[in-house]
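fold the following, please.
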Amino acid sequence: MSDKAQAMVLGSFVGDSLALGAHWIHSTERIVREYGRVETFTQPTRNSYHKSKKAGEFTHYGDQTFVLLESLAECGRFDLDDYSVRWQDLFSEYTGYMDKATRSTLKSLALGKGPLESGSQSNDLSGASRIAPLVYALRHDPEELVSACRLQASMTHGSALTIEAGEFFARVCLKVLAGASPVSSMNEVVQERFRDTRISDWVNEGISSRERESVEAVARFGQGSRTTEAFPATVHLIARYEHDLREALIQSVMAGGDSAARGMIAGMVLGAHQGMKGIPREWISGLAAGGDIFTLLTRIG
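The predicted structure follows:
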């Protein structure tokens, strides 16, 4: 099992779990007041979107990603129909928060639509944030990987921006796993696949902002879930903390808003770059599903 490929997946999951307590709190002052500097997994408060969760568990983003990992381990490949069934089972008696994209997709599936036509109108980056298990399982087959990333995103998010974001970060991860730096990988993927697109603009803006403090930079791009805001903010985190996964994920949380989607992608890319040594041991041991994740990764190989 490749150390860096393994760390890529663990980095994504810890990015989600670290964000759990303060997720979607937009006031950075409130985050500091209620949580201080978030360096460990925190228990959501009674006012949280994730109040049914415990420290070390996942937001609904991470839960969906875990189901995808299970599907890949069971099927030995990406099977959209299998993932769709498992995804629906996840939410059949779900006690956690369900966002609009999830509720809309569930409604479409209940009406008899298949996973190729069930996607909501959401353009949130979260639809692209679940891809770490796919990159791990399909890292030796780039075109199959790209297809799978696009399909899994489109099942819940119909926005072309979200779907393209998933492809972009999958291609970036492949280059990083091959030994390139995250910043050079993002620039190369832009030149090869996304020249003169909005993604090109977001990558340039995100990298150019790396000298700014992250709370300020994320506020300028927007703290929200929409790809138009979250994509350049995520690029900022990757570029500013290219060699420091821990600080990247902490700063994502401290910047407020949709820290989980940003953290999952930043953790994935930086995990692929730094390997397991870049992830704090207490974060890995603190994951409620940590043992299961390692078991599933071993099954996939």
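
residues near Asp89, how many?
Neighbourhood size, Asp89 [other C-beta atoms under 10 Å]: 11. Where you see a C-beta, it was placed from the backbone N, CA and C, and this is true even at glycine.

may I ask you to confirm that it belongs to a helix?
Yes - using DSSP: H, G, I helix; E, B strand; the rest coil, the assignment for Asp89 is a helix.

how near is it to Asp82?
11 Å (C-beta to C-beta, to the nearest Å).

with Gln88 instead?
11 Å.

phi first, then psi, for Ser120.
Here is the backbone geometry of Ser120 (degrees, to the nearest 10): phi -80, psi 180.

so what's it up against?
The neighbours of Ser120, taking C-beta atoms under 8 Å, 6 or more residues apart in numbering as the test, are Lys100, Ala101, Ser104, Thr105, Ser108, Thr156, His157, Gly158.

in helices, which of those appear?
Among the contacts of Ser120, DSSP state H puts Lys100, Ala101, Ser104, Thr105, Ser108, Thr156 in helices.

and those, which are buried?
Ala101, Ser104, Thr105, Ser108, Thr156 (16 or more other C-beta atoms under 10 Å).

hmm, which two among the residues you listed are most spread apart?
Ala101 and Ser108 (10.8 Å; C-beta to C-beta).

for stretch 249-260, output the C-alpha coordinates as PDB.
In PDB, the C-alpha atoms belonging to stretch 249-260 read as follows (Å, rounded to 0.1, in the frame of the first residue of the first chain):
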ATOM      1  CA  LEU A 249      -6.500  22.100   7.800                       C
ATOM      2  CA  ILE A 250      -6.400  24.200  11.000                       C
ATOM      3  CA  GLN A 251      -6.600  27.400   9.000                       C
ATOM      4  CA  SER A 252      -9.400  26.100   6.900                       C
ATOM      5  CA  VAL A 253     -11.500  25.600  10.100                       C
ATOM      6  CA  MET A 254     -10.400  29.000  11.500                       C
ATOM      7  CA  ALA A 255     -11.500  30.700   8.300                       C
ATOM      8  CA  GLY A 256     -15.100  29.600   8.900                       C
ATOM      9  CA  GLY A 257     -17.900  28.700   6.500                       C
ATOM     10  CA  ASP A 258     -17.700  25.400   4.600                       C
ATOM     11  CA  SER A 259     -14.500  24.300   6.100                       C
ATOM     12  CA  ALA A 260     -15.300  20.700   5.600                       C
END
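
re the thing from before, return the closest of the ones in helices among the contacts of Ser120 with respect to Ser12.
For these, the nearest to Ser12 is Thr156 (17.0 Å; C-beta to C-beta).

in this structure the closest one contacts Thr102, no?
Yes - between Thr156 and Thr102 there is a contact at 6.7 Å, judged by C-beta atoms under 8 Å.

just to revisit the earlier point, want to try JSON lines for the buried ones among the ones in helices among the contacts of Ser120, with pLDDT and distance to Thr65 as columns?
Shown next, in JSON lines, are these (pLDDT from 0 to 100; distance: C-beta to C-beta, whole Å):
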{"residue": "Ala101", "pLDDT": "98", "distance to Thr65": "14"}
{"residue": "Ser104", "pLDDT": "98", "distance to Thr65": "19"}
{"residue": "Thr105", "pLDDT": "98", "distance to Thr65": "15"}
{"residue": "Ser108", "pLDDT": "98", "distance to Thr65": "21"}
{"residue": "Thr156", "pLDDT": "98", "distance to Thr65": "12"}
